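**Student:** what's the 3D shape of this:
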Amino acid sequence: MKLRLLVAVGAVAGFLFLSPRASAELITLQLDHTVSSTVSVNLGGTPISNVAPGPYSWSDKNDPPNSNFSSPIATFCIELTGTIVVGGTYVFGVYAPEDAPTIGSADKANAIRALYGNFYNSAWTDPSFKGDNESKAFQLALWELVHETDATKTVSSGNFQTASTAATRANEMLNGLAGGLDKYNNSDYELVALIAPAPGAKDQTPGQDQLAVRPKSVPAPPAALLAGIGGMVFMGRSRLKLRRTTNTV
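**Tutor:** Coordinates of the predicted model:
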């Protein structure tokens, strides 16, 4: 019996030792194109002109490709500073939205998830998509959720604002977040932040932080495996006690 327990515990230890350690996930992307239109916004009193709204279309340049993402890859920008150029290649760190410095809080991240749950359109991942009023409004609403410091969320005033023709639709989206988080949680995709330069990466080329969607990841098995082994150990001890009791009668 002791030998069986030692073998079981040894198997678990070996599995945990050989299983991948938690580390920052990286992905190398090339910017293929942005949409044809631009917008002008104001952030903290500073005008920013001719900003390209999302979606941005990217190619996976990892070797081999990052299997956690499905091609084609489309993103929406969350950072209004920094520069990226079509044809440029950037190494991004992959993080939960609340862990992105540009976002920085669970409440803000959940509001963004609600926006995606109610208004994100998977057709925007098509590389041939050239942008429309809906995608532009979505980008403006996203920037509002990321950068606004006022409690009231509107792109018409506050720390982030714009006079874009898509502003009315953006405000409708901001007023229509209810129920979006539940829709997001029940979807088959997850939202991740792409941060460049990626902490710890050899390539520290400055980029611009993005949000992307990808298929939901499968939970890692070690916790379930440990629970199963714990049950084996408990059953083994119970059998051992029963055997000893039987032998002493």
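
**Student:** Spatially nearest residue to A100 (excluding sequence neighbours)?
**Tutor:** A193 (3.6 Å; CB to CB, 6 or more residues apart in numbering). Bear in mind the C-beta positions are built from the backbone N, C-alpha and C, glycine included.

**Student:** The one you found - that's part of a strand, no?
**Tutor:** Yes. Under DSSP: H, G, I helix; E, B strand; the rest coil, A193 falls within a strand.

**Student:** Any idea what Y189 is bridged to?
**Tutor:** Beta bridges link Y189 to P215 when assigned by DSSP bridges.

**Student:** check contacts around it.
**Tutor:** Y189 makes contact with 213-216, according to CB atoms under 8 Å, 6 or more residues apart in numbering.

**Student:** Narrow those residues to just the buried residues.
**Tutor:** 213-214 (16 or more other CB atoms under 10 Å).

**Student:** related to what we said a few turns ago, wait, doesn't the residue nearest to A100 sit right on T102?
**Tutor:** Yes. The pair A193 and T102 qualifies as a contact (CB atoms under 8 Å) at a distance of 7.5 Å.

**Student:** about what we covered before: so among the contacts of Y189, where is pLDDT lowest?
**Tutor:** Lowest-confidence member of the contacts of Y189: K216, scoring 89 (pLDDT).

**Student:** Let me see the contact set for the residue nearest the centre of the chain.
**Tutor:** By CA atoms, centre = their mean, the chain has its centre lying nearest to V192, at 0.8 Å. Residues counted as contacts of V192 (CB under 8 Å, 6+ apart) are 94-97, 211-214.

**Student:** Out of the residues you listed, list just those in strands.
**Tutor:** Among the contacts of V192, the members found in strands (DSSP state E) are 94-95, 211-214.

**Student:** Widest-spaced pair of the residues you listed?
**Tutor:** Y95 and V213 (14.1 Å; CB to CB).

**Student:** one step back: return every residue with contacts to both of A193 and T102.
**Tutor:** Taking CB under 8 Å, 6+ apart as the contact rule, A193 and T102 both touch 78, 209.

**Student:** which one of those two has more residues nearby?
**Tutor:** Taking neighbours as other CB atoms under 10 Å, A193 and T102 compare with A193 leading, 25 against 20.
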